[in-house]
Structure formats: structure tokens, C-alpha cells
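Novice: Quick one, structure for this:
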Amino acid sequence: MVRTAPVLRVGAALPDPPFEFMTEDGPAGFDITLMKLIAEILGRKWQLVPYEGADFNGIFAGLDDDNYDCIASGTTVTPGRRKIADFCAPYAVSGQSLVVDVRRHPNVHGIADLKGLVIGVQQGNTSQPVADRLVAEHRAARVRVYAYLEIERALDDLTSGGCDAFMKLAPVTAWFVRDRPKLKVVETGITVERLGICVRHGNTALRNAIDKAQAVLTADGTLAALIRQWLGAGATLPA
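Specialist: Next up is the predicted model:
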């Protein structure tokens, strides 16, 4: 009897284009494409398991609950997250960026110009501690926290006045402003963050298998091509 390899269940928080988003033809994006290729190398079928929580940090509990085998969701590797999940080798380097409605705030060119203004972030996103620090240093008035699924609402609020600036990884803000001519990415490179896939603590076999598959895609140029295709100038290969 021939055993069939188990499906590789991948947790991801949508929508988060260009990392992952839904189209009429199904899920698409950088993480979606990458994980399909990794699953193929591993000889396993791929399955998306959407995470729909309001706080991105809640996605990690799904590993321990066995809702999925790994997470690929534009996830920044942080010391805190390393305590609750095992990360594979980083697949990209990116950083926070700042978006404003330039008609409302023509003098805001970056985080140096936020005094007295409200910064919008998504709950559990790595932009949140950056924005909190700006407020603590009296370089901004306050932080408005949106549920993870409310990114469209946050961007609308830049024009309506619900917040004054929005902070998020550069590939995501670049994606959204394409169809929002009132908005502009005024600063990138606010942080330097390594992004990677993670598995539950102790799942060394899967972590090593993903690392080896990712190394193959790095060596043949596929990973660099995916970064160019999906993430553009807002991300690079790890050094």
C-alpha cells in the first residue's frame, strides 16, 4: 500500500496583498505562489487555511491548535514570535512605510512630520510598536488601532480624517495606493524586518524540509523572481 503524503496546510491572514489575497480564480500572491512551489518540492498538496482574527498575533495559536502546519503570511521574525513558533530561514527583507492623503497633509513627508497627528495601524502588526514608540517620544499624538481585516477602512480614513497616516510594510502600501490616487507612500525603510515562514515549536522535520525547499528556490533564482514579481522595490532577498 502506497502512503499519500499529507496535505501541507498553510495559515495566512487575508487580505494582505501582495502577500496573499483572493481573486475570482482563488487565492493569489507572493506567499501563495511560494508555498505552492515548496509543497510541490516536498511532494505534498497545498491547502490554504485563512486566519480571520482581528489581531494578527492570534494566528500563531493556530499552530498549537493544529489548524495548520505552518504560517506564510508576510510574517516578520521577531524575538517575541520566536518564543511561540519556530521560524524557517527568512525569505525576504522589507520594512515599514508611511501613507498619507497628500491633499490633507501636504507637509507630511515621513515619520519626522507626524507631531500632533494620528497614526493608523492594524492590530498585532509589527507597525504597532513602531507607532507606539513615536507617540511615547511625543513625535505623534496617538495611535488608532484597526482590526487586521480593516485595512481598507483605515486607508479610507486617511481621506475622511479618521486617521492622518497609516503604517504598514512597503509592498502592501505600494499595492493599495495604485488604485487610490489621493494616497501616496511618503516614506519607506522606516524599519528593517526579516520575513519568513514558521512552524509550531519542535516541528524540526517540517522546518528543515521547508528550509531545504526554499534553498532550492533561492539557488535557481525562483525566489528572487517572485520577490520582483509580487513585492517589487519594497523587499529584497536576505543577504
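Novice: ok, which stretches of this protein are helices?
Specialist: With DSSP state H as the criterion, the chain has helices at 30-42, 61-64, 79-82, 127-136, 151-160, 170-177, 204-219, 222-226.
Novice: what separates the residue nearest to D157 when sequence neighbours are not counted from D156, distance-wise?
Specialist: Leaving aside its chain neighbours, D157 sits nearest to C163 (4.8 Å; criterion: Cβ to Cβ, 6 or more residues apart in numbering). C-beta coordinates here come from the backbone N, C-alpha and C atoms, glycine included. Distance, C163 to D156, using Cβ to Cβ, to the nearest Å: 10 Å.
Novice: who's more crowded, those two?
Specialist: C163 (25 against 15; other Cβ atoms under 10 Å).
Novice: any low-confidence regions in this structure?
Specialist: Confidence mapping of the chain against pLDDT under 70 gives the ranges 1-3.
Novice: excluding its backbone neighbours, what's nearest the residue most central in space within it?
Specialist: For the chain, G74 is the residue whose C-alpha lies nearest the centre (Cα atoms, centre = their mean; 2.9 Å). Leaving aside its sequence neighbours, G74 sits nearest to F19 (Cβ to Cβ, 6+ apart; 3.7 Å).
Novice: for P27, same thing?
Specialist: L48 (5.1 Å).
Novice: before we move on, what about R103?
Specialist: Nearest to R103 is K182, by Cβ to Cβ, 6+ apart, at 6.3 Å.
Novice: Tell me the spacing between that neighbour and A215.
Specialist: 43 Å.
Novice: which residues touch the spatially closest residue to G196 that is not a sequence neighbour?
Specialist: Spatial nearest neighbour of G196, excluding adjacent residues (Cβ to Cβ, 6+ apart): P90 at 4.3 Å. Contacts for P90 (Cβ atoms under 8 Å, 6 or more residues apart in numbering) come out as 77, 194-196, 238.
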